[in-house]
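*Asks:* A structural model of the following input is requested.
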Amino acid sequence: MTTTTDPYDVFELMKQNWITGAYDPDVLADEIVVETPFSPPGMRRFDGKAAWLAFLVAARADLPIRIESCREIAVHRTADPAVIVVEYELTATTEAGRRGSAAFIGVLEVRDGKMVGWREYQNNVAMGLAMGTLPEIVAGYERVS
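*Replies:* Model (predicted):
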């Protein structure tokens, strides 16, 4: 469990978790809000720790990739010391051996050592091309949530 109040330290933990596949639920505040505005309908907002963990556990089990690295491009401090904006790139390999990378931007808010907000802007087309799942991603946008 993290005991830091610095959001950068929490982001460092997040990067490690993405690569190892482990996740420390104690870093999440009960009232956390996770948003991915560019995701398909039904996957854009999760309110509360229980809702996010339920999605995360299921998504990780179905994820056809192994994240190998997270390259930090930039970290931007904001006027609020509890909030940072991070630019990063994930590189992963699919079960079929296909390797690819995609860029992301995230806004992380940490209060009292717990994540209370995570907003991630994803390049879903790049992710779909990298994973070979672009048709499934497009179909997700076509479905009604």
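*Asks:* So which residue is dead centre in this protein?
*Replies:* E120 (6.2 Å; C-alpha atoms, centre = their mean).
*Asks:* Please state the backbone phi and psi of that one?
*Replies:* phi -120, psi 130 (degrees, to the nearest 10).
*Asks:* Buried ones in whichever strand or helix holds E31, by neighbour count?
*Replies:* Assigned by DSSP states H and E, E31 belongs to strand 28-35. With burial defined by 16 or more other C-beta atoms under 10 Å, the residues of strand 28-35 counted as buried are L28, A29, I32, V33, V34, E35. For the C-beta atoms, the positions are set from N, CA and C on the backbone; glycine is no exception.
*Asks:* In this protein, what helix or strand scores lowest on average pLDDT?
*Replies:* One helix or strand of the chain scores below all others by mean pLDDT, DSSP states H and E: helix 134-142, with a mean of 70.
*Asks:* Now do the contacts for L56.
*Replies:* Contacts for L56 (C-beta atoms under 8 Å, 6 or more residues apart in numbering) come out as Y23.
*Asks:* Can you tell me which helices and strands the strand holding E31 packs against?
*Replies:* On a contact count with 3 or more C-beta pairs under 8 Å, 6 or more residues apart in numbering; DSSP states H and E, strand 28-35 meets strand 45-47, helix 49-62, strand 114-122.
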